[in-house]
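> What shape does this take:
(chains A, B and C)
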Amino acid sequence: MPSLSGIISIITDFGYDDVYVGQMKGVIAQIDPAATVIDLTHGVHPQDIVEGAFLLAGSWRFFPTGTVHVAVVDPGVGSRRKILAAEAGGHFFVAPDNGILELVFEYAERNSFRGSTPIEIVSVENPACRLPDLSVTFHGRDIMAPAAAHLTRGTDLTRLGPTVAGRVRLEIPRATFDSKTGITGEVVFVDHFGNLVTNISRVEIEKRLTSKSAKDIRFEIAEKNGTGLSRTYSDDKPGKLLALIGSMDLLEIAVNQGNAVEILDTGKGEKVRVY
Amino acid sequence: MPSLSGIISIITDFGYDDVYVGQMKGVIAQIDPAATVIDLTHGVHPQDIVEGAFLLAGSWRFFPTGTVHVAVVDPGVGSRRKILAAEAGGHFFVAPDNGILELVFEYAERNSFRGSTPIEIVSVENPACRLPDLSVTFHGRDIMAPAAAHLTRGTDLTRLGPTVAGRVRLEIPRATFDSKTGITGEVVFVDHFGNLVTNISRVEIEKRLTSKSAKDIRFEIAEKNGTGLSRTYSDDKPGKLLALIGSMDLLEIAVNQGNAVEILDTGKGEKVRVY
Amino acid sequence: MPSLSGIISIITDFGYDDVYVGQMKGVIAQIDPAATVIDLTHGVHPQDIVEGAFLLAGSWRFFPTGTVHVAVVDPGVGSRRKILAAEAGGHFFVAPDNGILELVFEYAERNSFRGSTPIEIVSVENPACRLPDLSVTFHGRDIMAPAAAHLTRGTDLTRLGPTVAGRVRLEIPRATFDSKTGITGEVVFVDHFGNLVTNISRVEIEKRLTSKSAKDIRFEIAEKNGTGLSRTYSDDKPGKLLALIGSMDLLEIAVNQGNAVEILDTGKGEKVRVY
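Predicted coordinates:
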């Protein structure tokens, strides 16, 4: 088991206007007063599991080893879907069994970590590790927050519930490659600055477009196109459409000093091609 | 006196774009560096004391005993209204004397808590327990944050100022019961998902509609109606109007996989009837 | 060197919907798990350095001496602009070299602090004090967060990089005085309540309009005008246009129980005159 960092990160689709996240933190403080809680974001679009999966996948490795990441995007709350707790890549994860952890598991499976154990997943069912009065509409507070706090307190993963073998798979949009048309992917989320972040990774580009230098790579989105991978948002002149590898190692389409979402009048799901 | 949790929760109508909450936390850190501050929410609608009262009333019990809850919805800032500090139900509270603590006090009066003392309320007036340079427009930072931090440091409630007997009463909308028409209440806040939360409690329904099973209870809102209390948001088919007991033990009107606020084109203040 | 508070405050233009701030906190926790991070605000308008400068200047002194303030409004990310770390007024600051710290430095230069040393500024260049894999688009996470965490851990400022003499100057709008027309300034930010905060300070008014009592001071904005400096937002009758000294010691234009931004249909940059 990795050593614990005492940190719990939370990503949800709760927004910031409600008391839901605050209540989760209150529950965590009841169970592990020493835990430090960090908001990863609460700005996932309501019930958008795929967006949550990409945001978590691009963020968890910036936290200390042994951090517990709680992901509450849970359209199936109250149905029979399981709550999973997992250890992967030296970190812990607590989330509904709806695929939001899929990209984390894939990464952990592909990469080995010094001293880390293989992925281990349990179904959180131990009544001693959740709130005594369980609501049916808010398992983030009543099951997931307590499970996370029990983990930071040092409770063994396997104490939370029985090991599960299978898990729910999520339809995650993947970049595809064709030797004629190049790499085709799509926008998987947009940020506050209007940058369009795609599912085309730096690794994919380096692997597939080996014969091209950065300045010769072409890109196409929403019937616009351009040439060259920029280094930064401020390459080239203001208003210029840019493609670059962003801070999460994914291809982004941006506009220098502008808002690409507004200028291209597009957003999540828009197809992007690099070739 | 209850033991202290070292936690301060903050609920305000400040939103997230300003530096006001950040300044309050800076002041708290000056007085009690060991305190842990948790944002309950800053999304109360500007100056909406009733909304703040319901959100706090539905949340404080999820925090550890001995937590200090600060509620800053303060349209009367700078006028002669008092700042109250109180102990109730094993927790502490700091807020303007405008009724925002009313539902907390009612709950604490109705329920007894193991080892808790009766409600005790003081007026925060001790100059040693506030910022030396007092602004007239931001008592959240200059009086309430310091009072909370003094409490978590272990300062006795009665050191903050003199005991007060009376307090300002707030006109809080209450659910009413009539044997012919059933329970009539109203929407007191809406959440990020567009769920309409009412002032009709689970307790009220269980007490008044004893002869009915959950599936026979009828509800009416905005000239729409339905039958049956659902267990979860995903009961029944997508798009279906639902009534259910939400995570704060209040009746909510929701739409399965939809936004009830938009679909019913309604919001706070809308009348709701269950019968 | 001032003693350290163990606190890091963060002000950015990242908003709340993205994972950027969460990632910064993860990085800080990796380097200094004991640091306490406080969000000053993430609501600075995108790339608005002047707004960030005023918000930081009005807030840092509410934090404990020895706090590290990180200001990430960074339109030039990835260009050759330096990242500065500084000690001033008994606090520490980390920010791009774009002038966002200018008002802090001016204040620290004008005022002496008990036991504080003069302003000292270094360029953060030590590779040991930043993330090993440096992105070109997110120096807030890869350089500034690590620098701040190294400071709270006790790393000497001068270990972060070489001392710099010059720095980039920012065009900050200043209030001007003319004996005929009085003080002319402008709105530098607006808050959540629609109050218009100007660059005219209490000190400026006290110095320039000495012959006038508060009730005789006149103000003019957007072709409207009024007489008298109010004490609080609730002076005078609802709907009344007010001028008052706000909680950051700057002149604000407000409307009693109303939203001045909406009622005057104006905002940042609007000229304001007091005389």
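> and stretch A:105-124, which residues are buried?
Across stretch A:105-124, burial judged by 16 or more other C-beta atoms under 10 Å in any protein chain shown covers A:105, A:108, A:116, A:119, A:121, A:122, A:123, A:124. Placement of C-beta: from N, CA and C, glycine included.
> Then stretch A:123-140?
Neighbour count says stretch A:123-140 has A:123, A:124, A:126, A:129, A:130, A:131, A:135, A:136, A:137, A:138, A:139, A:140 buried, by 16+ other C-beta under 10 Å.
> Just confirm yes or no for that stretch near chain B.
Yes - Stretch A:123-140 reaches chain B (C-beta under 8 Å from any C-beta of the partner chain) through A:135, A:136, A:137, A:138.
> which one of those is nearest chain C?
Set against chain C, the nearest of these by C-beta to the nearest C-beta is residue A:138 (21.1 Å).
> How far away from the center of its chain is stretch A:227-242?
Chain-centre distance of stretch A:227-242: 26 Å, with C-alpha atoms, centre = their mean, to the nearest Å.
> Kindly apply the preceding question to stretch A:95-109 instead.
For stretch A:95-109, the distance to the chain centre is 9 Å (C-alpha atoms, centre = their mean).
> hmm, back to that, identify the farthest-apart pair in the residues of stretch A:123-140 next to chain B.
The largest separation in these, counting by C-beta to C-beta, is between A:136 and A:138 at 8.2 Å.
> Domain-wise, how is chain A divided?
As recorded under automatic domain parsing, the domains making up chain A are A:7-159, A:176-274.
> Now list whatever residues contact both of residue A:136 and residue A:138.
residue A:77 (C-beta atoms under 8 Å, 6 or more residues apart in numbering or on different chains).
> And chain C, is the longest helix along chain A touching that?
Of all segments of type helix in chain A, defined using DSSP state H, the longest is helix A:20-31. No - contact between helix A:20-31 and chain C is absent, the nearest approach being 11.3 Å (criterion: C-beta under 8 Å from any C-beta).
> Show me what that helix is in contact with.
A:8, A:10, A:12, A:14, A:35, A:37, A:39, A:42, A:70, A:72, A:131, A:138, A:140-142, A:144-146, A:148-150, A:153, B:5, B:7, B:9, B:11, B:36, B:38-41, B:59, B:62-64, B:67, B:191, B:247.
> ditto for stretch A:208-228
Here stretch A:208-228 has contacts from A:177, A:182-183, A:187, A:196, A:205, A:229, A:240-243, A:251, A:253, A:264-266, A:270-275, using C-beta under 8 Å, 6+ apart.
> Buried subset of the residues you listed as a ChimeraX selection?
The buried residues among the contacts of stretch A:208-228 can be selected in ChimeraX (16+ other C-beta under 10 Å) with this line:
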select /A:177,182,183,187,196,205,229,241,242,243,251,253,264,266,270,272,273,274,275
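> Inside helices: which ones of the contacts of stretch A:208-228?
Per DSSP H, the subset of the contacts of stretch A:208-228 in helices is A:205, A:264.
> thinking again about what came up before, name the strands paired with the helix or strand just after the longest helix of chain A and say parallel or antiparallel.
Per DSSP states H and E, the first helix or strand lying C-terminal to helix A:20-31 is strand A:36-41. The strands beside strand A:36-41 in its sheet (DSSP bridges) come out as strand A:7-12 (parallel).
> quick check: mean pLDDT across the strand it pairs with?
Mean per-residue pLDDT for strand A:7-12: 98.
> returning to what we had before: pick the most deeply packed of the domains of chain A.
Of all these, domain A:7-159 has the most neighbours on average by mean count of other C-beta atoms under 10 Å in any protein chain shown, namely a mean of 21.
> What is the linear distance spanned by that one between its boundary residues?
Using C-alpha to C-alpha, to the nearest Å, the end-to-end distance of domain A:7-159 comes to 20 Å.
> Can you get me the centre-to-centre distance for that domain and its chain?
Worked out by C-alpha atoms, centre = their mean, domain A:7-159 lies 11 Å from the chain centre.
> Look up which helix or strand the residue of chain A most remote from its centre falls in, please.
For chain A, the C-alpha lying farthest from the average C-alpha position belongs to residue A:237; by C-alpha atoms, centre = their mean, that distance is 32.3 Å. Residue A:237 belongs to no helix or strand when assigned by DSSP H and E.
> Nearest spatial neighbour of it, chain-adjacent residues omitted?
residue A:256 (6.7 Å; C-beta to C-beta, 6 or more residues apart in numbering or on different chains).
> Under a three-state scheme, what state does residue A:145 occupy?
helix (DSSP: H, G, I helix; E, B strand; the rest coil).
> same question, the one 10 residues further on
Of the three states, residue A:155 takes coil according to three-state DSSP.
> list the contacts for it?
residue A:129.
> Next one: the residue nearest to residue A:237 from chain B, what distance?
As judged by C-beta to the nearest C-beta, to the nearest Å, residue A:256 and chain B stand 25 Å apart.
> Confirm for me that that residue is in contact with residue A:244.
No - when contacts are counted by C-beta atoms under 8 Å, residue A:256 is not listed as touching residue A:244 (10.3 Å).
> Got the confidence number for the residue of the stretch 151-275 of chain A found nearest chain C?
Nearest to chain C, among the residues of the stretch 151-275 of chain A, is residue A:232, at 2.7 Å (C-beta to the nearest C-beta). If you check residue A:232, the pLDDT there is 87.
> which stretches of the stretch 101-250 of chain A have low pLDDT?
Applying pLDDT under 70 to the stretch 101-250 of chain A flags the ranges A:112-117.
> Where does it get nearest to chain B, residue-wise?
For the stretch 101-250 of chain A, C-beta to the nearest C-beta, closest residue to chain B: residue A:138, 3.5 Å.
> show me what contacts that residue?
Going by C-beta under 8 Å, 6+ apart, the list of residues near residue A:138 reads A:20, A:23, A:77, B:246, B:247.
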